[in-house]
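Visitor: take a look and give me a structure for this.
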Amino acid sequence: MIRRIAHWRLAFGLAGGLLATCLVCQGRVYWRWGAVSDSQRALEACGGQKAYEADIRINAGRGHVTVFGFDRPLSAVVQALTRVFPTARFAPGGNATASATVTADGRVLRLLAFQLGVPAQTVVVDLEQSEADARDSRARPAVNLLADLPTYPGSEPVFFAEDEQARMSLAVARVAADPAAVAGFYRAALVAQGWSPALPAAGRGDARLGLNVYARHEETCCVAVEPALASDLTRITVLLKRQGIE
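Guide: Numbers count the residues shown, from 1 in each chain. Next comes the predicted model:
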């Protein structure tokens with residue numbers, strides 16, 4: 001099942017999961033647990049198949065993420081995880097998701113489970129950090145951490161995540177500016193850096209609102225510009241896939 005998914009698709013899925021959790025928690029995203037080998041063995045004992053793992057960075061904190069696939073519905077997976085992680089209290093989320101945090105031996109873990117389109121298939125993201133890294137991940141970045149890409153003037157960084165193995169980075173910022181002006185700024189700035197619009201609507205002049213995709217050599221840059229939830233600010237989401245997988 002999940003093992004056959006290409007690395008870059010898993011990385012995009014992970015980045016999307018991190019972003020979704022970020023929005024639900026309003027930027028206070030971090031993960032908890034104990035020993036890496038113990039949690040992975042527990043997930044495998046529940047019937048999970050390891051699909052992907054990598055060292056990642058969340059804001060200023062580092063951690064290790066492992067993705068497991070289950071041929072079982074979300075409710076059955078949550079019941080099994082509750083048995084092997086007795087202190088976990090899974091909270092339901094939107095779009096058929098559930099999450100829980102556990103602490104042990106100076107380390108922290110967050111389990112994020114979400115059901116795929118097929119009811120009998122569930123993915124669990126196991127993200128582990130030290131307590132110090134978890135604290136660093138709670139704090140919003142002080143500066144834009146995608147320094148090689150343009151930054152909208154006056155924008156405030158909100159969230160950053162990076163998968164070092166897949167060479168994938170995700171940055172979220174917000175700004176008090178018109179969304180159309182922000183989208184147009186990124187189109188002009190990226191084209192000036194040698195990026196080419198990869199969607200027809202983005203190549204006819206002003207970039208459209210929503211998602212715009214740009215390509216340069218073997219790199220891909222996705223820019224989403226939209227009104228922020230519950231505020232009058234504009235949210236800017238940039239997803240960068242660099243060349244190659246280490």
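Visitor: for residue 75, helix, strand, or coil?
Guide: What DSSP: H, G, I helix; E, B strand; the rest coil gives for residue 75 is helix.
Visitor: do residue 187 as well
Guide: Here residue 187 is helix, with the state taken from three-state DSSP.
Visitor: need the strands for this structure, in chain order.
Guide: 49-58, 61-70, 91-93, 97-104, 107-115, 122-130, 156-163, 168-175, 196-197, 210-216, 219-227, 234-241 (DSSP state E).
Visitor: kindly reformat the ones you listed as a markdown table containing mean neighbour count, distance to residue 190 and mean pLDDT.
Guide: Placement of C-beta: from N, CA and C, glycine included. Formatted as a markdown table, the strands of the chain follow (neighbours: other C-beta atoms under 10 Å; distance: least, C-beta to C-beta, whole Å; pLDDT from 0 to 100):
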| stretch | mean neighbour count | distance to residue 190 | mean pLDDT |
| --- | --- | --- | --- |
| strand 49-58 | 19 | 23 | 92 |
| strand 61-70 | 22 | 28 | 94 |
| strand 91-93 | 12 | 33 | 77 |
| strand 97-104 | 19 | 32 | 87 |
| strand 107-115 | 23 | 31 | 89 |
| strand 122-130 | 24 | 30 | 92 |
| strand 156-163 | 22 | 18 | 94 |
| strand 168-175 | 23 | 14 | 94 |
| strand 196-197 | 16 | 8 | 92 |
| strand 210-216 | 17 | 5 | 91 |
| strand 219-227 | 19 | 6 | 92 |
| strand 234-241 | 22 | 10 | 94 |
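Visitor: closest one to residue 139 among those strands?
Guide: Between residue 139 and the strands of the chain, the shortest separation by C-beta to C-beta is 8.4 Å, and it involves strand 61-70.
Visitor: paired strands for that closest one, with orientation please.
Guide: Paired neighbours of strand 61-70 in the sheet (DSSP bridges): strand 49-58 (antiparallel), strand 122-130 (antiparallel).
Visitor: switch those over to a markdown table; also include distance to residue 221.
Guide: Output for the strands paired with strand 61-70, formatted as a markdown table (distance: least, C-beta to C-beta, whole Å):
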| stretch | distance to residue 221 |
| --- | --- |
| strand 49-58 | 19 |
| strand 122-130 | 24 |
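Visitor: nearest to residue 166, out of those?
Guide: Here strand 49-58 is closest among the strands paired with strand 61-70 (C-beta to C-beta), at 6.4 Å.
Visitor: in PDB, could you pull the C-alpha coordinates for that closest one?
Guide: Provided in PDB are the C-alpha atoms of strand 49-58 (Å, rounded to 0.1, in the frame of the first residue of the first chain):
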ATOM      1  CA  GLN A  49       3.800  -0.700   7.900                       C
ATOM      2  CA  LYS A  50       6.700   1.800   7.900                       C
ATOM      3  CA  ALA A  51       6.400   3.900   4.700                       C
ATOM      4  CA  TYR A  52       8.800   6.800   5.300                       C
ATOM      5  CA  GLU A  53      11.100   8.400   7.900                       C
ATOM      6  CA  ALA A  54      13.300  11.400   8.000                       C
ATOM      7  CA  ASP A  55      15.000  14.000  10.200                       C
ATOM      8  CA  ILE A  56      12.900  17.200  10.100                       C
ATOM      9  CA  ARG A  57      13.000  20.700  11.500                       C
ATOM     10  CA  ILE A  58       9.900  22.600  12.900                       C
END
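Visitor: before we move on, back to that, residue 140 is nearest to which of the strands of the chain?
Guide: So among the strands of the chain, strand 156-163 is nearest, using C-beta to C-beta, at 5.9 Å.
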